[in-house]
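Visitor: Got a predicted structure plus its sequence, pasted below:
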Amino acid sequence: MALLLTVVIQTFIARVFVIPSASMESTLHGCTGCVNDKVLVEKITYLFGDPRPGDVIVFRGPPNWTGGKQPPGFVQGTLQDLGSMVNLSEPSGTDFIKRVIAVGGQTVECCDEQGRVLVDGKPLDEPYLNFGPGPKQQEQFEKVTVPAGKLWVMGDNRNNSSDSRKHGDPTPADGAIPVDNVVGKARVIVIPVGRWGTISDHNPQTGGR
């Protein structure tokens with residue numbers, strides 16, 4: 001019964017996701033040789049609306065993100081998720097976590113004279129950015145119009161993130177991910193206890209909510 005209840009909750013309501021990489025540092029920890037953050041990903045919100053700029057989302061990677069790797073089946077995927085929660089297995093490798101920067105119909109480009117990403121020609125307010133010890137400069141990319149029904153996503157660890165900028169094949173716009181691939185919204189860091197807290201969904205296009 002406990003296993004059945006866990007499966008039902010993870011399938012329809014919420015799931016715990018293990019941060020697999022450092023691409024969202026320092027908002028979320030994903031590191032080698034330490035305790036990676038585990039976040040609660042809530043699935044209900046997007047039944048009533050699409051993700052918005054600033055949301056931190058978990059999504060299933062399309063083929064050009066996963067190198068053609070197929071996601072695990074339902075049973076295998078559920079067991080893998082449960083195992084990764086207690087460090088008994090690795091995450092699937094086909095799910096990703098990034099921040100929504102722009103939605104369908106908007107244009108994205110980098111950068112203005114102050115090194116800020118522009119959406120529809122306006123600079124973003126991104127207090128969550130992490131550049132590490134290096135220069136606070138972002139990698140340039142050409143202007144992209146996000147296709148309808150898709151999202152442009154980027155990591156907070158901007159210069160150490162394989163995100164929409166890196167998966168534009170055969171065209172830059174193909175780096176955007178389908179809204180239908182979104183699993184849910186990352187709400188809370190649940191493990192480790194010392195980092196427990198909510199995850200900011202600061203809207204970079206408006207400077208808040």
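Guide: Happy to help now that I have it.

Visitor: so when I look at Leu40, I'm seeing a helix, right?
Guide: No. Applying DSSP: H, G, I helix; E, B strand; the rest coil, one finds Leu40 to be strand, outside a helix.

Visitor: Contact partners for it?
Guide: Residues in contact with Leu40 (CB atoms under 8 Å, 6 or more residues apart in numbering) are Ala14, Arg15, Val16, Ala186, Arg187, Val188, Val190. C-beta: built from backbone N, CA, C; applies to glycine.

Visitor: Okay, now the sheet partners of the helix or strand hosting Ile97, with direction.
Guide: Using DSSP states H and E, Ile97 maps to strand 95-103. Sheet pairing for strand 95-103, assigned by DSSP bridges, gives strand 56-60 (antiparallel), strand 150-154 (antiparallel).

Visitor: Alpha carbons of that strand, as CSV, please.
Guide: Output of strand 95-103 as CSV, limited to C-alpha atoms (Å, rounded to 0.1, in the frame of the first residue of the first chain):
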residue,chain,number,x,y,z
ASP,A,95,14.9,14.6,-17.2
PHE,A,96,16.3,18.1,-16.8
ILE,A,97,15.8,21.1,-14.5
LYS,A,98,16.1,24.7,-15.8
ARG,A,99,14.6,28.2,-15.5
VAL,A,100,12.0,29.5,-18.0
ILE,A,101,13.4,32.6,-19.7
ALA,A,102,10.9,33.1,-22.5
VAL,A,103,7.7,31.6,-23.9
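
Visitor: got the residue ranges for the helices in the chain?
Guide: Ranges of helices in the chain, per DSSP state H, are 2-12, 63-66, 74-85.

Visitor: mean confidence score for the longest one?
Guide: What it means is helix 74-85. Here helix 74-85 scores 52 as its mean pLDDT.
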